[in-house]
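**Q** dropping the sequence and predicted coords here.
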Amino acid sequence: MKILLVDDAKSVQMVMTARLVSYGHDVLHAGNGQEALTLFASAAPDLVLMDLEMPVMNGFEATSRIRAFESTQQWAWTPIIFLTSSDTVENLVTAIEAGGDDFMSKFVPEPVLQAKMKAMSRIAALRQSLSAANRKLQDLASLDGLTGLCNRRSMDLRTDQLWDQAQTLRESFGLLMIDIDNFKKFNDHYGHQAGDDCLRQVAQTIDTAVRQANEQGHTQDAFAARYGGEEFAVLVPGAQDTALQQLAQNIVSDVQALGLAHTLNAQWGVVTISVGGAVTSAAQGAVVDLFRQADARLYLAKEGGRNRAVLAG
């Protein structure tokens, strides 16, 4: 386990650390409650051993703040055991009310300490399994089952968060609306299984282009989502016109380069997409207006012959 030991007495730190390390645990040190809060947030320990009386911030207050932090950050519960040389009823009640889970003497006999650490190790393993299961559930709830992109619900939530951030920072915000050209004809001609395969490949191509733009520094925090049916969206906070135009062109070219046969797609003969894009200042408009602009330009891209991106009226 990774154990955060919080005690202002160096002698206690040294002795307790030696005992814990001999069991195979990693030990981090904090000399008071304030230091403990900082280390807890950065190191995410499996267990906290907390002294009661310390300078700057005592163990009761530190524990209460750790529980508040876990709640706001939606972290899994972390066991906190108070270290004390005086396990009075008053201290026990205060510790439990602050969010502590157990009491243990600083001079606990070796067999008792070893048994407690084995129990805490089992709890740590269960926490890790539970966290992994929760992450999987969150992914299932936020991702589109067919394409693996963000689904519409998670896109809306994420867009609202990024839009609020852009408003605060008075930044621009970009959007690309993407539609697979003549997809109904593709489905009718090749079948729904082929249609699903097409959606997956186009989605992966869009996602790859967006990730590359982020990695190369052309965009930041951009992400792709399945908007519905054969339509996709790419949200680009802080977007600049040139970068958004280049990303749109890259996506159009990359999808055509897949070479997916589509004999009913006019002169192209392969699967293509149309893209409509817009950039606006988050401080001067509403996100719904951005979607209207991009959607109007998507219509222009289709009217102009498809297999193209239109980012200006």
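**A** Done, it's in.

**Q** tell me where the stretch 51-200 of the chain has helices.
**A** Per DSSP state H, counting those that start in this stretch, the stretch 51-200 of the chain carries helices over the ranges 59-73, 89-98, 110-142, 152-169, 183-190, 192-215.

**Q** swap in the stretch 201-313 of the chain?
**A** Under DSSP H, counting those that start in this stretch, the stretch 201-313 of the chain gives helices at 241-257, 287-303.

**Q** reformat those as TSV; add mean neighbour count.
**A** The C-beta positions use only the backbone N, C-alpha and C, and glycine is treated the same way. Listed next are the helices of the stretch 201-313 of the chain as TSV, based on neighbours: other C-beta atoms under 10 Å:
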stretch	mean neighbour count
helix 241-257	19
helix 287-303	17
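
**Q** would you tell me which of the helices of the stretch 51-200 of the chain gets closest to residue 10?
**A** helix 59-73 (16.9 Å; C-beta to C-beta).

**Q** and that closest one, what other elements does it pack with?
**A** With contacts taken as 3 or more C-beta pairs under 8 Å, 6 or more residues apart in numbering; DSSP states H and E, helix 59-73 sits against helix 33-43, strand 47-51, strand 80-84, helix 89-98.

**Q** can you redo the ones you listed as a markdown table with mean neighbour count?
**A** Below are the helices and strands packed on helix 59-73 laid out as a markdown table (neighbours: other C-beta under 10 Å):
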| stretch | mean neighbour count |
| --- | --- |
| helix 33-43 | 18 |
| strand 47-51 | 25 |
| strand 80-84 | 22 |
| helix 89-98 | 14 |
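
**Q** out of these, nearest to residue 229?
**A** Residue 229 lies closest, by C-beta to C-beta, to one member of those: helix 33-43, at 42.4 Å.

**Q** list the helices and strands that closest one packs on?
**A** strand 2-6, strand 26-30, strand 47-51, helix 59-73.

**Q** quick one: mean pLDDT over it.
**A** Helix 33-43 carries an average pLDDT of 92.

**Q** mean pLDDT for the helices of the stretch 51-200 of the chain: which is lowest?
**A** Lowest mean pLDDT within those: helix 89-98, a mean of 73.

**Q** and that helix, what does it pack onto?
**A** helix 59-73, strand 80-84, strand 102-105.

**Q** could you rerun that using 7 Å?
**A** Using 3 or more C-beta pairs under 7 Å, 6 or more residues apart in numbering; DSSP states H and E, the elements in contact with helix 89-98 are helix 59-73.

**Q** name the surrounding residues that touch the helix it packs on.
**A** For helix 59-73, the surrounding residues in contact (C-beta atoms under 7 Å, 6 or more residues apart in numbering) are 6, 33, 36-37, 40-41, 50-52, 77-78, 80, 82, 94-95, 98-100.

**Q** ok, back up a step: output the helices and strands packed on helix 59-73 as a markdown table; include the columns distance to residue 146.
**A** Listed next are the helices and strands packed on helix 59-73 as a markdown table, based on distance: least, C-beta to C-beta, whole Å:
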| stretch | distance to residue 146 |
| --- | --- |
| helix 33-43 | 37 |
| strand 47-51 | 42 |
| strand 80-84 | 43 |
| helix 89-98 | 48 |
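
**Q** out of these, which comes closest to residue 104?
**A** Residue 104 lies closest to strand 80-84 among the helices and strands packed on helix 59-73, at 5.2 Å (C-beta to C-beta).

**Q** relative to residue 303, which of the helices of the stretch 51-200 of the chain is closest?
**A** Comparing the helices of the stretch 51-200 of the chain by their distance to residue 303 (C-beta to C-beta), the top pick is helix 183-190, with 16.9 Å.

**Q** may I see the buried residues of the closest one?
**A** 183, 186, 187, 190 (16 or more other C-beta atoms under 10 Å).

**Q** report the angle between it and helix 192-215.
**A** Orientation check (axes from the mean of the first three to the mean of the last three C-alpha atoms, to 10 degrees): helix 183-190 against helix 192-215 gives 130 degrees.

**Q** quick check: phi and psi at the residue nearest to residue 256 when sequence neighbours are not counted.
**A** In this structure, residue 256 finds its nearest non-sequential neighbour in residue 272, 5.3 Å apart by C-beta to C-beta, 6 or more residues apart in numbering. Backbone geometry at residue 272, expressed as degrees, to the nearest 10, gives phi -130, psi 170.
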